[in-house]
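**Student:** Quick one, structure for this:
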Amino acid sequence: MAGPISSGAAAPASHNPGTRYGPALALLASLFFMWGFITVINNTLLPHLRSVFDLSYTQTTLIESVWFIAYFVASIPSAKLIERVGYQKSLVIGLLVMAAGALGMTVAASIPSYGVTLAMLFVIASGITLLQVAANPYVAVVGKPETASSRLNLVQAMNSAGTMLAPLFGAYLILGRSKGGTAQGDVVLTQAERLADAQSVILPYVLVAIVLVLLAVVIARFPLPAMGNATQRHNKEERKKHSLWNHRNLVFGIPAIFIYLIAEIGVANLFVNFVSQPDIANLTHEQAGRYLTFLWGGMMVGRFAGSAIMQKFDAGHVLAAFSIGAFVVMLVTVFTTGPVAMWSLILVGLFHSIMFPTIFTLGIKGLGPLTEEGSGLLIMAIAGGALVVVQGWLADHYGLQTSFLLTAACELYILFYALWGSKPTHALPDQQVAAE
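**Tutor:** Predicted coordinates:
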């Protein structure tokens, strides 16, 4: 068993068939679960905070924007930190940063303060960014190169499991224990009720912080397999000879992640409003919210299925097939009505499932010692989720159903990336050796 991850390990992990990666991948899957879980708790927080602080819709959507802006701000510093301290220590630091942000949320609830809440959510998202920059390439690089997309889809399925369970957790421990969460429709709370509702956030975030600290302790003591010299960092002089921008798969992969996030967040954020319309499913928001579980569930099922499929088929070809499927169901969503339109929108979750992990592994393929930097840029592109406001603008001006044509257009770019943009160029020598 190799020792803790270090950039100066003697040999690539993919060259050591005796190393068992199952326990390490299972442990890392728990990280994917936790950041999916914490991210989707935001969906519960938005209506909760709107009633507690009497926010306008602009102030409410700022909460989501701050979350995605953290990915843009923290990605490159995260990559630099990984270069300095290694992957394993970075995972521990990321978990502790998230725990600090979760405890900070209890402070924000005690005051209560909208500004402190935004700051603490930024801290939590920054910790998640560090985990993403470290964990995604680690899962992709450790093990056989040809099954990198399969491995990342498998652990990302646990991320989807977290997104499925988080709404239940938030509904019970946040909305279910607050006046604003249990009232019918929008209500005006008294000052005492706002304070009591704000404090309903304390218990769930204390529980989250405890779990994060325990995970940090476990990972700090766990003998994670070394990534090896396939991703060993070049010295400064050698680094000058290499450019990230010579790698087509990365150059086109960055906008692919950015554009995909516009599609995913747009569907998730507007789903309830869309299926609630009289000519679609004519449901209440509460009823529509239950169907949202099927959307996230489809993503989980798709990732498990995609992981198995990519054991036998080329990841780029699978991505192309899923992007075509997503494009077709989005056209059905736009040009039909009733249950057909609703279920087609739900079905896009199945086709979106493999996109992020597959684009990510294709994007860093062949980067070798530039993997950390490339990973940082790909994670930075998650900031594309902040541009969901573009679809909101289209919905205001041209109709909610028509706005999903933007999602369909996003699927076409993913298809282009799968068929051409993802083909590696200028693979670095030590990465080529690792792949042989």
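
**Student:** So, low pLDDT: which residues of the stretch 201-350 of the chain?
**Tutor:** Counting by pLDDT under 70, the stretch 201-350 of the chain has low-confidence residues at 226-242, 285-286, 289.

**Student:** how about the helices in it?
**Tutor:** Remark: helices assigned in the stretch 201-350 of the chain by DSSP state H, counting those that start in this stretch are 202-221, 236-239, 248-275, 285-309, 315-335, 338-352.

**Student:** Which positions within the third one qualify as buried?
**Tutor:** Put plainly, it is helix 248-275. Going by neighbour count (16 or more other CB atoms under 10 Å), the buried part of helix 248-275 is 248-254, 256-272, 274-275. C-beta coordinates here come from the backbone N, C-alpha and C atoms, glycine included.

**Student:** Going by contacts, tell me the helices and strands next to it.
**Tutor:** Here helix 248-275 touches helix 57-85, helix 285-309, helix 338-352, helix 355-364, helix 371-380, helix 388-398, helix 400-403, helix 405-416, going by 3 or more CB pairs under 8 Å, 6 or more residues apart in numbering; DSSP states H and E.

**Student:** CA atoms only: put the shortest one into PDB for me.
**Tutor:** Coordinates of each C-alpha in helix 400-403 appear next as PDB, following Å, rounded to 0.1, in the frame of the first residue of the first chain:
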ATOM      1  CA  LEU A 400     -40.800  30.000 -19.500                       C
ATOM      2  CA  GLN A 401     -41.200  27.100 -21.800                       C
ATOM      3  CA  THR A 402     -39.400  28.800 -24.700                       C
ATOM      4  CA  SER A 403     -36.500  29.600 -22.400                       C
END
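
**Student:** hmm, who's touching that helix?
**Tutor:** 266, 270, 273-274, 277, 280, 333-334, 341, 391-392, 394-395 (CB atoms under 8 Å, 6 or more residues apart in numbering).

**Student:** pLDDT averaged over it - what is it?
**Tutor:** For helix 400-403, the mean pLDDT works out to 92.

**Student:** picking that back up, switch the helices of the stretch 201-350 of the chain over to a markdown table; also include distance to Val66.
**Tutor:** Converted to a markdown table, these look like this (distance: least, CB to CB, whole Å):
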| stretch | distance to Val66 |
| --- | --- |
| helix 202-221 | 17 |
| helix 236-239 | 33 |
| helix 248-275 | 14 |
| helix 285-309 | 22 |
| helix 315-335 | 28 |
| helix 338-352 | 24 |
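
**Student:** ok so, going back, including distance to Leu415, could the contacts of helix 400-403 go into CSV?
**Tutor:** Output for the contacts of helix 400-403, formatted as CSV (distance: CB to CB, whole Å):
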residue, distance to Leu415
Gly266, 18
Leu270, 23
Asn273, 27
Phe274, 24
Gln277, 29
Ile280, 27
Thr333, 17
Val334, 17
Ala341, 22
Gln391, 20
Gly392, 25
Leu394, 21
Ala395, 24
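
**Student:** Now the two most distant members of these.
**Tutor:** Distances among these were taken as CB to CB; the most separated pair is Ala341 and Gly392, at 19.2 Å.

**Student:** Compare these two (neighbour count), which wins?
**Tutor:** The residue with more neighbours, out of Ala341 and Gly392, is Ala341; 23 against 17, by other CB atoms under 10 Å.

**Student:** distance of the more buried one from Ile128?
**Tutor:** Applying CB to CB, to the nearest Å, the value for Ala341 to Ile128 is 33 Å.

**Student:** do you know which of the helices of the stretch 201-350 of the chain lies nearest Thr163?
**Tutor:** helix 285-309 (4.7 Å).

**Student:** Same question for the closest one: list its buried residues.
**Tutor:** For helix 285-309, burial by neighbour count (16+ other CB under 10 Å) applies to 288-289, 291-292, 294-307, 309.

**Student:** what's Ser404 in contact with, if anything?
**Tutor:** Actually, residue 404 is Phe rather than Ser. Gly266, Val267, Phe274, Met330, Thr333, Val334, Leu345, Gln391 are the contacts of Phe404 under CB under 8 Å, 6+ apart.

**Student:** Do I have it right that the last one meets Leu261?
**Tutor:** No: in this structure, Gln391 is not within contact of Leu261 by CB atoms under 8 Å, at 11.7 Å.

**Student:** what is in contact with these two at once?
**Tutor:** Counting by CB under 8 Å, 6+ apart, nothing touches both Gln391 and Leu261.

**Student:** What does Ile280 show for phi and psi?
**Tutor:** Torsion angles at Ile280 (phi, psi; degrees, to the nearest 10) stand at phi -110, psi -80.

**Student:** Count the residues that sit near it.
**Tutor:** Neighbours of Ile280 under the rule other CB under 10 Å: 22.

**Student:** do Gly115 as well
**Tutor:** Neighbourhood size, Gly115 [other CB under 10 Å]: 10.

**Student:** Likewise for Trp67?
**Tutor:** Per other CB under 10 Å, the neighbour tally for Trp67 reads 22.

**Student:** who touches Met300 in this structure?
**Tutor:** Taking CB under 8 Å, 6+ apart as the test, what Met300 contacts is Ala157, Ser160, Ala161, Thr163, Met164, Ser353.

**Student:** Just put those residues in CSV and tack on neighbour count.
**Tutor:** Below are these laid out as CSV (neighbours: other CB atoms under 10 Å):
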residue, neighbour count
Ala157, 25
Ser160, 24
Ala161, 21
Thr163, 25
Met164, 19
Ser353, 28
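
**Student:** Which single one of these is nearest to Ser75?
**Tutor:** Thr163 (21.0 Å).

**Student:** List the contacts of the closest one.
**Tutor:** Thr163 sits next to Gly36, Phe37, Thr39, Val40, Trp296, Met299, Met300 when contact means CB under 8 Å, 6+ apart.
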